[in-house]
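Engineer: please work out how this folds:
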Amino acid sequence: MSWSARPAGDIVTREKYDSFELVLDYKIVKAGNSGLMFHVTEDADVPYGSGPEVQIQDNVDGKDPQKSGWLYQLYQPPADPKTGKPLDATKPVGVWNTLRLVLNGPHGEIYMNGVKYESFELWSDDWNARVKKSKFATMPHFGKAKSGHIDLQDHGDEVAFRNIKLRKLKGTR
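Structural biologist: Residues are numbered from 1 along each chain as shown. Predicted structure coming up:
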């Protein structure tokens with residue numbers, strides 16, 4: 001496989017989604033960084049200005065303190081009892097990982113390689129408090145949309161996606 005020397009740009013759905021289940025495989029290069037954003041709208045200048053991001057990166061050599069599978073600056077997995085650090089179910093660089101995001105109405109869940117990382121409730125008091133403590137606090141459109149595009153981020157690093165499966169849900173739990 002050869003990689004393009006030029007950035008390809010974000011991959012964004014044409015359709016908008018409110019409730020859905022998205023499963024995809026990804027593999028990333030050493031120190032690589034990317035992301036999966038949802039409920040992205042044209043209201044903000046950049047996708048992350050409106051859409052929350054599930055981080056995708058090399059958890060060993062990545063430069064961002066947010067790890068793969070975390071809901072960027074908002075939610076992370078519970079501590080691993082063996083290490084005391086947040087749970088890390090990712091596989092090494094160059095190996096395929098499976099990321100699953102479920103949004104059913106305001107309820108969201110993130111899974112990495114079959115391991116549940118976190119649950120969250122969009123627009124809840126907890127959600128709003130976390131947004132206020134994050135870099136997104138100054139972004140007026142962040143996390144507000146009830147539906148939007150799904151965006152696979154081009155962060156300038158090599159990342160590959162395969163087996164992308166998207167299923168609409170009815171929006172009730």
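Engineer: CA only for contacts and neighbour counts going forward, please
Structural biologist: Will do.
Engineer: just checking, L36 touches G51?
Structural biologist: No: taking CA atoms under 8 Å as the definition, L36 is not a contact partner of G51, at 9.2 Å.
Engineer: chain center to the host helix or strand of Y117: distance?
Structural biologist: Using DSSP states H and E, Y117 sits within strand 115-121. When C-alpha coordinates are averaged (CA atoms, centre = their mean, to the nearest Å), strand 115-121 and its chain have centres 12 Å apart.
Engineer: quick one: list the elements packing against the helix or strand just after that strand.
Structural biologist: Using DSSP H and E, the helix or strand that follows strand 115-121 in sequence is helix 125-132. Using 3 or more CA pairs under 8 Å, 6 or more residues apart in numbering; DSSP states H and E as the contact test, no helix or strand touches helix 125-132.
Engineer: for helix 125-132, output the C-alpha coordinates as PDB.
Structural biologist: Only the C-alpha atoms of helix 125-132 are listed here, as PDB (Å, rounded to 0.1, in the frame of the first residue of the first chain):
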ATOM      1  CA  ASP A 125     -26.300  18.500  33.300                       C
ATOM      2  CA  ASP A 126     -23.200  16.300  33.400                       C
ATOM      3  CA  TRP A 127     -22.500  16.900  29.700                       C
ATOM      4  CA  ASN A 128     -23.000  20.600  30.000                       C
ATOM      5  CA  ALA A 129     -20.600  20.800  33.000                       C
ATOM      6  CA  ARG A 130     -17.900  18.900  31.100                       C
ATOM      7  CA  VAL A 131     -18.200  21.100  28.000                       C
ATOM      8  CA  LYS A 132     -17.900  24.200  30.200                       C
END
